[in-house]
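Colleague: Dropping a prediction and its sequence here:
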Amino acid sequence: MRTTLTTTILPRILAILGLTLACAGSALALYPKKGDADPHHGVRDARRKAIQGIDVSRWQGEIDWQSVKDAGTRFAFIKATEGGDHLDPSFRRNWSEAKKAGVARGAYHFVWWCRPAKDQVRWFKRHIPRDPDALPPVLDVEWNGHSEKCGKKISREKALAKIREMLHGLQAHTGKKPIIYTDITFHEDVLEGEFNDYPYWLRSTAAPLRHRYNREQWEFWQFTTTGRVPGITGDVDRNAFFGSEHEFAAWRQGRFDIGARKWHGDEPKVAVTRKPPARPSQAPAAKAADNVPIRLLPPGRVPGRHGARDPRVTGSIASSEAD
């Protein structure tokens, strides 16, 4: 029994443990300064994404944005407004300090379903800056069941009408196509099949998005609410961007629509597969003018055939996740 354990079972256990640690190590290697107080294996794909960020509000207290930037944070969504009369008390400070530290930031508005859309448009136009270098704004749509004043659900038709009006208002105000943030329940109740050319920021803290949403693609993934990031005391939401460095930069510059996945110039090149040249035995031998056969060099020895690879070359830009 002991021999069997030593020679067969134990090596398998060690192999599995080594593979697990290797996967965890590859994820941690991207952002060694960041962590999670309650990590979940189901969101490991999000931790492997190269471009990651956070979202914050007053509940994170005073933030050391330079430390946040130094930890590798590439973007931050900052709560600005809520309903038709609430401004997050930390918004202006966070907005200013994040920019000073060099963290790309966007503002978000939390929707109240008991307030008319026009009142909420008026409110966020008053408080969300129109900074040219800011990320597109976010419309946060979810049922607010914790509110006694505004927790009652409305019909899908009324919710969609309010969302359309507020998306239009945000885009008219900032000049940028807004992002839709939502959770599993609200997406199932209201958003399935809707606004498919808009960028979606989806919440799932325990499972891959494809297991929770009936949606073919995503642009941002909120994968934990118990993140640990230098410069912030306590929990903070961590998020991942779906794409590459080139796509992220082009989106910020207005050259790539991440919701519709359409380019407006400077698309990445697509590698073309060419047929290999025929071998000398498969083609007539080339001859010089004096009818003497010419000896052909192997393709690998022809000078100048191996140039530097264009780092912008990419394949499909559709999102994908490993099992």
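Modeller: Sure, I can see it.

Colleague: Need the nearest residue in space to Gly61, chain neighbours excluded.
Modeller: Distance criterion Cβ to Cβ, 6 or more residues apart in numbering; nearest residue to Gly61, sequence neighbours excluded, is Thr233 at 5.8 Å. Where C-beta positions appear, they are placed from N, C-alpha and C, glycine not excepted.

Colleague: Verify the stated contact: Arg47 with Trp221.
Modeller: No - between Arg47 and Trp221 no contact is recorded; they are 10.0 Å apart, counting by Cβ atoms under 8 Å.

Colleague: Between those two, point out the one with more neighbours.
Modeller: Trp221 (26 against 22; other Cβ atoms under 10 Å).

Colleague: Tell me which residues of the helix or strand the more buried one falls within come out buried.
Modeller: Applying DSSP states H and E as the criterion places Trp221 in strand 220-228. Judged by neighbour count (16 or more other Cβ atoms under 10 Å), strand 220-228 contains these buried residues: 220-224, 226-228.

Colleague: Now for Arg47 and Trp221: what residues contact both?
Modeller: Contact criterion Cβ atoms under 8 Å, 6 or more residues apart in numbering; residues shared by Arg47 and Trp221: Ala240.

Colleague: how far does stretch 137-144 sit from the chain's center?
Modeller: Mean C-alpha position of stretch 137-144 versus that of the full chain (Cα atoms, centre = their mean, to the nearest Å) differs by 17 Å.

Colleague: How about residues contacting stretch 152-169?
Modeller: Taking Cβ under 8 Å, 6+ apart as the rule, stretch 152-169 contacts 109, 111, 113-114, 117-118, 120-121, 124-125, 139, 141, 143, 178, 180, 189-190, 194-195, 198.

Colleague: switch to 10 Å and redo it
Modeller: Residues outside stretch 152-169 that contact it (Cβ atoms under 10 Å, 6 or more residues apart in numbering) are 109, 111-118, 120-122, 124-125, 137, 139, 141, 143-145, 177-180, 182, 185-186, 189-192, 194-195, 198.

Colleague: which residue is nearest the middle of the protein?
Modeller: Phe241 (1.4 Å; Cα atoms, centre = their mean).

Colleague: give the contact list for the residue nearest to Gly61.
Modeller: 60-64.

Colleague: got those residues as TSV, with secondary structure, distance to Asp70 and pLDDT columns?
Modeller: Shown next, in TSV, are these (DSSP: H, G, I helix; E, B strand; the rest coil; distance: Cβ to Cβ, whole Å; pLDDT from 0 to 100):
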residue	secondary structure	distance to Asp70	pLDDT
Gln60	helix	17	98
Gly61	coil	19	98
Glu62	coil	17	98
Ile63	coil	13	98
Asp64	coil	9	98
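
Colleague: now the strands for the stretch 201-323 of the chain?
Modeller: 220-228, 236-241, 256-257, 262-263 (DSSP state E, counting those that start in this stretch).

Colleague: TSV for the buried residues of strand 220-228, including distance to Arg203?
Modeller: Converted to TSV, the buried residues of strand 220-228 look like this (distance: Cβ to Cβ, whole Å):
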residue	distance to Arg203
Phe220	10
Trp221	8
Gln222	4
Phe223	8
Thr224	10
Thr226	13
Gly227	13
Arg228	18
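
Colleague: Mind picking the two most distant members of those?
Modeller: Within those, Phe220 and Arg228 form the most distant pair, 19.6 Å apart (Cβ to Cβ).

Colleague: right, and Gln171 touches Arg130 too?
Modeller: No - counting by Cβ atoms under 10 Å, Gln171 stays clear of Arg130, with 11.6 Å between them.

Colleague: list residues touching both of these two?
Modeller: Taking Cβ under 10 Å, 6+ apart as the contact rule, Gln171 and Arg130 both touch Pro137.

Colleague: Between the two, which has more neighbouring residues?
Modeller: Taking neighbours as other Cβ under 10 Å, Gln171 and Arg130 compare with Gln171 leading, 15 against 11.
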